[in-house]
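Undergrad: Quick one: sequence and predicted model below, then my questions.
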Amino acid sequence: MDELLRRFVQRRRVSAVTAALVPAEGPVEEHVVGVRRRGSRDPALVSDRWHIGSCTKTSTAALWGRLVELGHAEWDMPLGQALADLDGDMHPDWTGQTVDSVFWCRAGFKANLSPDQMKQAWDDSRPLADQRTDAARQALGDPPDRPGEVSYSNLGLIVVGAAIDRLAGATFEQALDTHVLAPLGIESAGFGPPGEIWGHPARFRFGDFGLLAGPPADPSDPFSDNPAVFSAAGTMHITMADWAKFVRVFMVGGSNLLRDSTVDHLLQTPHGGEYGMAMGWLRTRTLPGAAYVMQGSNTMWSTAALIDSDRRHAVLVACNDGRNRVLNGTARLAARLLTDSGGTRQ
């Protein structure tokens, strides 16, 4: 595996990449190649934490599933019920939209906060629960945009975080630790850029497209990640070993954190579809060996996680570079490693 990772570093011109082969049971195989930031001689280590971006959404979904099991939430829970105190502020067209439809990216939320809201969020030092409430109130005050159609949304997960603040009797971050991370023995997870490894944005960015390798992003700079209010949508950092513990929740025989029926619901695509967006995961047939995939990027990091159709083999890949070609490359690298490790797809 080290040779594949070395070729990835050279061809993609990144400073470091790491990968983990995760069987449902047994030891996890971890590898890392490269240095912690471009221009540094400090080697990246298997014990380092990596920013996983939107792969965070699967942990938010797992938390929602656990809250359903505990009786604090429900499948297909209407947004007006999950955010009862904001019901009077909701546009009437949100009637009928549920938390499930938010995870499926079919509720009609815009992709992100507006540019002005983003600027304000980076400067906002209020408690995150208050910030999520304001974001939810503003989002729900406007009518949904093409509900029922798939439209990927970080904003929708911020709204789910606001619902969890209300239903869990604790903040989203506290509830995630209490009900998901701590029971799995995960201690390295946190939010925002990790301190030891630095992310790298593209040198030039045109909308969603990044071009050429850029300089390292100092994690003390608030712009080195999305605003903190995005925590439920995509700002988690974690070691590969701990990420493997979490991904095993979705693998057969990998964990007893959630009931089998809960995991099945989280992996189910809407309306009985064979492929499409599930709750944090994408059911796919486009990557060799993979049946379920999630990817994440805050434009400075790139990650991919793949599980085979038997749900007995998974591969995790993370890289501290957020260019589009790197993000696409992490998925292809993960697929190669999954196929080589014996992963199967129907």
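TA: Sure, I can see it.

Undergrad: all helices for the chain, in order.
TA: 2-12, 56-69, 79-82, 99-103, 115-123, 128-141, 155-167, 172-176, 231-234, 240-247, 260-267, 324-340 (DSSP state H).

Undergrad: Tell me who's in contact with residue 112.
TA: Neighbouring residues of residue 112 by CB atoms under 8 Å, 6 or more residues apart in numbering: 118, 153, 154, 155. C-beta: built from backbone N, CA, C; applies to glycine.

Undergrad: between those residues, which is nearest residue 235?
TA: Taking CB to CB as the measure, residue 235 lies nearest residue 154 of the contacts of residue 112, at 10.0 Å.

Undergrad: residue with max distance from the center of the chain?
TA: residue 88 (30.8 Å; CA atoms, centre = their mean).

Undergrad: So it versus residue 262, what's the distance?
TA: Noted for residue 88: a distance of 32 Å to residue 262, by CB to CB, to the nearest Å.

Undergrad: And for residue 156?
TA: Separation of residue 156 from residue 262 (CB to CB) stands at 20 Å.

Undergrad: Of these two, which one has the most company?
TA: residue 156 (30 against 19; other CB atoms under 10 Å).

Undergrad: pretty sure that one is touching residue 105, no?
TA: Yes. At 6.9 Å, residue 156 counts as touching residue 105 under the criterion of CB atoms under 8 Å.

Undergrad: My read is that residue 108 contacts residue 95, right?
TA: No. With contact defined as CB under 8 Å, residue 108 and residue 95 do not form a contacting pair (11.7 Å).

Undergrad: Which one's more surrounded, those two?
TA: The residue with more neighbours, out of residue 108 and residue 95, is residue 108; 22 against 12, by other CB under 10 Å.

Undergrad: could you check the angle helix 2-12 makes with the helix or strand of the chain with the lowest mean pLDDT?
TA: None of the helices or strands of the chain scores lower by mean pLDDT, DSSP states H and E than strand 209-213, at a mean of 73. Inter-element angle recorded for strand 209-213 and helix 2-12: 100 degrees (by axes from the mean of the first three to the mean of the last three CA atoms, to 10 degrees).

Undergrad: in strand 209-213, what's buried?
TA: Buried residues in strand 209-213, counted by 16 or more other CB atoms under 10 Å: 210, 213.

Undergrad: elements contacting it?
TA: Counting by 3 or more CB pairs under 8 Å, 6 or more residues apart in numbering; DSSP states H and E, the packing neighbours recorded for strand 209-213 are strand 202-206.

Undergrad: tell me what the strand it packs on is packed against?
TA: The contact analysis (3+ CB pairs under 8 Å, 6+ apart) places strand 202-206 against strand 209-213.

Undergrad: What is the distance between the strand it packs on and the centre of its chain?
TA: Averaged C-alpha coordinates place strand 209-213 at 22 Å from its chain's average position (CA atoms, centre = their mean, to the nearest Å).

Undergrad: mean confidence for stretch 278-296?
TA: The average pLDDT for stretch 278-296 rounds to 93.

Undergrad: what's the answer for stretch 226-234, then?
TA: pLDDT averaged over stretch 226-234 gives 98.

Undergrad: Could I get the CA-only coordinates of it as PDB?
TA: The C-alpha trace of stretch 226-234 is given here as PDB (Å, rounded to 0.1, in the frame of the first residue of the first chain):
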ATOM      1  CA  ASN A 226     -15.900  26.500   7.500                       C
ATOM      2  CA  PRO A 227     -17.500  28.400  10.300                       C
ATOM      3  CA  ALA A 228     -18.000  26.500  13.500                       C
ATOM      4  CA  VAL A 229     -21.800  26.500  13.000                       C
ATOM      5  CA  PHE A 230     -21.100  23.800  10.300                       C
ATOM      6  CA  SER A 231     -20.200  21.200  12.900                       C
ATOM      7  CA  ALA A 232     -23.100  18.900  12.200                       C
ATOM      8  CA  ALA A 233     -22.500  19.200   8.400                       C
ATOM      9  CA  GLY A 234     -18.800  18.900   8.100                       C
END
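
Undergrad: got the contact list for the most centrally placed residue in the chain?
TA: Closest to where the C-alpha atoms of the chain average out (CA atoms, centre = their mean) is residue 55, at 1.9 Å. Applying CB under 8 Å, 6+ apart, we find residue 55 in contact with 234, 236, 243, 280, 294, 295, 296, 303, 305.

Undergrad: from the residues you listed, which single one is nearest residue 255?
TA: Within the contacts of residue 55, the smallest distance to residue 255 is 13.0 Å, found for residue 243 (CB to CB).

Undergrad: per-residue pLDDT, that closest one?
TA: So, for residue 243, pLDDT stands at 98.

Undergrad: Pick out whichever of the contacts of residue 55 sits closest to residue 5.
TA: For the contacts of residue 55, the nearest to residue 5 is residue 303 (14.4 Å; CB to CB).

Undergrad: so that closest one makes contact with residue 50?
TA: Yes. Contact between residue 303 and residue 50 holds when scored by CB under 8 Å: they sit 7.0 Å apart.

Undergrad: how many neighbours does residue 220 have?
TA: For residue 220, using other CB under 10 Å, the count is 8.

Undergrad: Give the buried residues for stretch 188-205.
TA: 188-194, 196-202, 205.

Undergrad: got the end-to-end distance for it?
TA: 31 Å (CA to CA, to the nearest Å).

Undergrad: Stretch 171-186 too?
TA: Span of stretch 171-186 from end to end, CA to CA: 18 Å.
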